[in-house]
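J.: Give the three-dimensional model of this entry:
(one chain, ligands or ions: 1)
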Amino acid sequence: MTDASTPPSPGETSFPRSEIRVLLLEGISQTAAEAFRSAGYSRIEEVQGALAGEELRSALEGVHVVGIRSRTQLDESALESARKLVAIGCYCIGTNQVDTAHARRRGVPVFNAPYSNTRSVAELVIAEAIMLLRGVPQKNMSCHRGEWLKSAAGSHEARGKTLGVVGYGHIGSQVGVLAEMLGMRVIYHDVVSRLSLGNAESAGSLEDLLRRSDVVTLHVPELPSTRDLMGARELGSMKDGAVLINASRGQVVDLDVLRDELEHGRLAGAAVDVFPKEPKAAGERFESPLAGLDNVLLTPHIGGSTEEAQAGIGREVTEKLLRYSDDGSTLSAVDFPEVSLPPHTGDARLLHVHENRPGIMSAVTDVIGRSSANIDAQYLQTLGDVGYVVTDVAADRGAARSLMAELRQLEGTLRTRVLF
Ligand code: NAI
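T.: Numbers count the residues shown, from 1 in each chain. As a prediction, the model looks like this:
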């Protein structure tokens, strides 16, 4: 790997992996450092906590790849101090902590791990469905108070009950598969047409799903269209005695209305993992209209928080960073042109990130066309104000290096790398 800010010295080939500096902050799972090491990267620095301000800026100097979780803010000022930065790994789902637009304009892709914790969420939902159907939350609370409510009334098996999945994506469909293993009937509602897994069936509408389900579980993304998706009308459409689970996003359910439905006993219980307002730090007080209700399970947004998920995230994000570092592939990058490339095996691969403006592609092709290098393959993608073109050329290292130097001079060039 080389980058525009560190042109290779004469005689140097591709930037050696042993010299690529990787900085991993916030106690990222060991699986990340292990994956880098087994790919031949040895300059890996690991920091347990998050860094901020001057400390962060100074830590980023000379770093080629940085890995963070949700607490490190990579804003414009932090990114400007990381002049050699080639890629960013967010070892989590969200990327709000990174100024991705600025990173893109610097030619730096950002990778994350949106799906490594799918199974963790799905397992928690299944556990909660069983607990709610049995009335365990309220029985647990009453035992804590010294009461002994030994009764089968209102306590049900999951077998034979109907589970309604709202949002049949990665998590929703996995919940459906696990629920069928318990003998539940699974129906789902999605805004796009989804392939049914197992015996799951698409419900006619959200309303139809709510009327038929004994357990409703929400797995939709945070969008303007999913805000208060479960408001007074929808909660009122649920079957008497049904239970609701929300491990998706906090603003999807109107919690005041839900509280009314639960207090009056029309709904039998709820499990809620995500809230419209969540504490930002461990010491901050958590408040919710649902607090204090015996028939409600409250958890602090831990649906996807398991050691297995963290290990999976460590592997998934590192794999994406390695694919970009070694091959130039930006598949599944956030807010960056996505180019999926075959492994780099040929003579030289020229990576050129540029401003997306008319004429730049013909200028790139022109530079290569004027040389003696034959183009083996070319891949291009643009996103907003940025374009990314990868050209495999049959050229020796010297010729490839001169081509790269010429491409670097083109107006609108944001970043270049050459892989041998
Ligand atoms: P996904 O993108 O794979 O699936 C979401 C599905 O919802 C898609 O099929 C989409 O078409 C559908 N959808 C969108 N709007 C809809 C609407 N109005 N009605 C019905 N369906 C709609 O997402 P994934 O990975 O399954 O995640 C689902 C949710 O779970 C997300 O909000 C995510 O943030 C959250 N999540 C929560 C975690 C936790 O710790 N509690 C951990 C991981 C994810």
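
J.: How about residues contacting stretch 337-352?
T.: 326-332, 364, 368, 373, 376, 379-383, 386-397, 399-400, 403-404, 407, 413, 415-420 (CB atoms under 8 Å, 6 or more residues apart in numbering). Heads up, the C-betas are built off the backbone N, CA and C, glycines and all.

J.: Return the subset of those residues lying in strands.
T.: In strands, defined here by DSSP state E, the members of the contacts of stretch 337-352 are 376, 379-383, 386-394, 413, 415-419.

J.: Show me which residues of the stretch 301-420 of the chain sit near the ligand.
T.: The stretch 301-420 of the chain comes close to the ligand at residues 301, 303-304, as judged by CB under 6 Å from any ligand atom.

J.: go again using 5 Å as the cut-off
T.: Contact residues, the stretch 301-420 of the chain versus the ligand (CB under 5 Å from any ligand atom): 303-304.

J.: Let me know the pLDDT of Ser288.
T.: As predicted, Ser288 sits at a pLDDT of 97.

J.: Need the nearest residue in space to it, chain neighbours excluded.
T.: Taking CB to CB, 6 or more residues apart in numbering, and ignoring the residues beside it in sequence, Ser288 has Phe275 as its nearest neighbour in space, at 5.8 Å.

J.: picking up where we left off before, drop anything exposed from the ones in strands among the contacts of stretch 337-352.
T.: Buried members of the ones in strands among the contacts of stretch 337-352, scored by 16 or more other CB atoms under 10 Å, are 379, 381, 386-393, 413, 415-419.

J.: what two of those are the furthest from one another?
T.: Val386 and Val393 (22.3 Å; CB to CB).

J.: Does the residue nearest to Ser288 touch Val252 like I think?
T.: No. Assessed by CB atoms under 8 Å, Phe275 is found out of contact with Val252, at 10.5 Å.

J.: List the contacts of Gly176.
T.: Gly176 neighbours (CB under 8 Å, 6+ apart): 163, 165, 168, 186, 188, 197-198, 200.

J.: got the residues you listed as a markdown table, with neighbour count and pLDDT columns?
T.: Output for those, formatted as a markdown table (neighbours: other CB atoms under 10 Å; pLDDT from 0 to 100):
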| residue | neighbour count | pLDDT |
| --- | --- | --- |
| Leu163 | 27 | 98 |
| Val165 | 30 | 98 |
| Tyr168 | 28 | 98 |
| Val186 | 25 | 98 |
| Tyr188 | 26 | 98 |
| Leu197 | 15 | 98 |
| Gly198 | 13 | 97 |
| Ala200 | 24 | 98 |
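
J.: Of those, which belong to strands?
T.: Using DSSP E, the members of the contacts of Gly176 that fall in strands are 163, 165, 186, 188.

J.: Of all pairs in those residues, which one spans the longest distance?
T.: Leu163 and Tyr188 (8.7 Å).

J.: residue of the chain with the smallest distance to the ligand?
T.: Gly169 (1.8 Å; CB to the nearest ligand atom).

J.: surely Ser173 meets Leu197?
T.: Yes. Ser173 is within contact range of Leu197, at 5.2 Å (criterion: CB under 8 Å).

J.: Which strand or helix spans the residue nearest in space to the middle of the chain?
T.: The centre of the chain sits closest to Pro114, judged by CA atoms, centre = their mean, with a distance of 2.4 Å. Here Pro114 sits in a region with no helix or strand, counting by DSSP states H and E.

J.: ditto for the one 10 residues further on
T.: Element membership for Leu124 (DSSP H and E) is helix 118-134.

J.: Go through that helix and flag the buried ones.
T.: By 16+ other CB under 10 Å, the buried positions in helix 118-134 come out as 118-126, 128-129, 131-134.

J.: just stretch 208-215 next, same as before
T.: Buried residues in stretch 208-215, counting neighbours by 16+ other CB under 10 Å, are found at 209-210, 212-215.

J.: hmm, back to that, adding distance to Val243, write the ones in strands among the contacts of Gly176 out as CSV.
T.: Output for these, formatted as CSV (distance: CB to CB, whole Å):
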residue, distance to Val243
Leu163, 10
Val165, 14
Val186, 15
Tyr188, 17
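
J.: Make a markdown table from the residues you listed and add distance to the ligand to it.
T.: Below are the ones in strands among the contacts of Gly176 laid out as a markdown table (distance: CB to the nearest ligand atom, whole Å):
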| residue | distance to the ligand |
| --- | --- |
| Leu163 | 15 |
| Val165 | 9 |
| Val186 | 15 |
| Tyr188 | 9 |
